[in-house]
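In: give me coordinates for this.
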Amino acid sequence: MTPQGANPFFSTPPNHCDVGTARIAWRSTGQGEPVLFVHGWPLHGFTWRKVLPALAARYACYVVDLPGAGETEWRSDNDFSFHGHAANLQQFVRSVGLDRYRLVAHDTGATVARRLAVIERERVLQGVYIDTEIPNHRPPMVPLFQAMAGLPGMGLLFRQLMRSRRFRHSGMGFGGCFVDRSLIDGEFTDGFARPLIASARRMEGQMRYLRGIDWAQLDELANGHREITGSSLLIWGERDPFFPPERAREMVDQFRDCRGFVVVPATRLLPHEEQPAVVADHILRFFEGTGA
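Out: Numbering: from 1, shown residues only. Okay, the predicted model is just below:
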């Protein structure tokens with residue numbers, strides 16, 4: 001069920017694309033040149049609901065749920081690493097006929113997207129990467145969460161904890177992701193927390209996604225960024241506690257063609273949730289060559 005007040009785009013059932021070990025759920029809206037949207041952990045495609053109206057007015061927007069997230073179906077032999085997700089997306093874009101396209105991606109999804117840009121070469125025209133992993137940097141708590149995710153019963157424990165508003169607002173929940181923590185309530189909780197509470201399968205998928213994070217594959221991007229042929233833009237939350245902007249700036253010189261590093265004031269990990277109009281404006285101006 002779509003949370004009240006959400007973009008009606010998400011109220012319709014998704015399409016599914018079989019990539020072998022998963023059936024990727026996807027939706028499309030808008031007309032024009034294609035843009036692929038890739039979410040981070042532990043979210044799914046619904047996270048793009050606030051920026052889609054502005055982008056869909058000018059582009060054909062393809063929104064996916066990665067295996068382990070949202071409405072995508074997955075098998076136990078699916079590869080949940082960054083490289084595995086990228087290989088799945090490469091099959092997806094070929095299947096739906098995206099010959100040349102742009103990327104908008106966030107968090108772990110932006111690491112997947114950067115790997116996709118490496119292997120897709122000239123097919124990726126431009127890429128926007130928002131608050132994402134930094135080679136040779138380890139974000140607070142994530143390695144701990146990974147270790148915990150491998151313990152028996154952790155999925156059930158996290159489902160129980162997620163029922164608590166206090167936990168959702170804590171640093172172990174979503175508290176560190178927002179400057180304005182009131183945004184955790186309502187639509188955000190309905191879209192992301194409640195499905196995990198209701199479904200053991202969905203929680204297991206997110207646990208597999210988390211355990212699949214491969215730090216060696218991330219660190220390879222320190223060199224791999226230069227293999228990305230399309231132009232890139234980095235957008236960052238001013239107060240991101242997981243991927244500090246001062247560390248993230250180090251990536252700019254790694255890209256062959258980075259057009260800028262944009263800091264969004266009064267945001268943390270999720271600038272597209274907290275300041276969607278600002279983020280959408282930066283994306284559009286970058287795509288259209290009128291600014292970073």
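In: got the contact list for the longest helix along the chain?
Out: Longest helix in the chain by number of residues (criterion: DSSP state H): helix 82-96. Applying CB atoms under 8 Å, 6 or more residues apart in numbering, the set of residues contacting helix 82-96 from outside is 17-22, 24, 26, 36, 38, 62, 64, 66-67, 78-79, 101, 108, 111-113, 115-116, 118-120, 123, 212-214, 217-218. Where C-beta positions appear, they are placed from N, C-alpha and C, glycine not excepted.
In: check the offset of the helix or strand following it from the chain's centre.
Out: Taking DSSP states H and E as the definition, the helix or strand that follows helix 82-96 towards the C-terminus is strand 101-106. Computed by CA atoms, centre = their mean, to the nearest Å, the separation of strand 101-106 from the middle of its chain amounts to 9 Å.
In: could you do stretch 265-277 as well?
Out: Mean-position distance between stretch 265-277 and its chain equals 14 Å (CA atoms, centre = their mean).
In: can I get the longest helix of the chain in PDB, CA atoms only?
Out: Only the C-alpha atoms of helix 82-96 are listed here, as PDB (Å, rounded to 0.1, in the frame of the first residue of the first chain):
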ATOM      1  CA  PHE A  82      28.400  -4.300  -5.500                       C
ATOM      2  CA  HIS A  83      29.600  -6.100  -8.500                       C
ATOM      3  CA  GLY A  84      26.600  -8.500  -8.400                       C
ATOM      4  CA  HIS A  85      24.100  -5.700  -8.200                       C
ATOM      5  CA  ALA A  86      25.800  -3.900 -11.100                       C
ATOM      6  CA  ALA A  87      25.700  -7.100 -13.200                       C
ATOM      7  CA  ASN A  88      22.000  -7.400 -12.500                       C
ATOM      8  CA  LEU A  89      21.400  -3.800 -13.500                       C
ATOM      9  CA  GLN A  90      23.400  -4.300 -16.700                       C
ATOM     10  CA  GLN A  91      21.100  -7.100 -17.600                       C
ATOM     11  CA  PHE A  92      18.100  -5.000 -16.600                       C
ATOM     12  CA  VAL A  93      19.000  -2.000 -18.800                       C
ATOM     13  CA  ARG A  94      19.600  -4.300 -21.800                       C
ATOM     14  CA  SER A  95      16.300  -6.000 -21.300                       C
ATOM     15  CA  VAL A  96      14.300  -2.800 -21.100                       C
END
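In: buried ones in it?
Out: Neighbour-count burial for helix 82-96, with 16 or more other CB atoms under 10 Å as criterion, is recorded at 82-93, 96.
In: looking at the contacts of helix 82-96, which are in helices?
Out: Secondary structure from DSSP H places 108, 111-113, 115-116, 118-120, 217-218 of those in helices.
In: can you redo the buried residues of helix 82-96 as TSV with pLDDT and distance to Ala54?
Out: Below are those laid out as TSV (pLDDT from 0 to 100; distance: CB to CB, whole Å):
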residue	pLDDT	distance to Ala54
Phe82	98	28
His83	98	32
Gly84	98	32
His85	98	26
Ala86	98	27
Ala87	98	31
Asn88	98	28
Leu89	98	23
Gln90	98	27
Gln91	98	29
Phe92	98	24
Val93	98	23
Val96	98	22
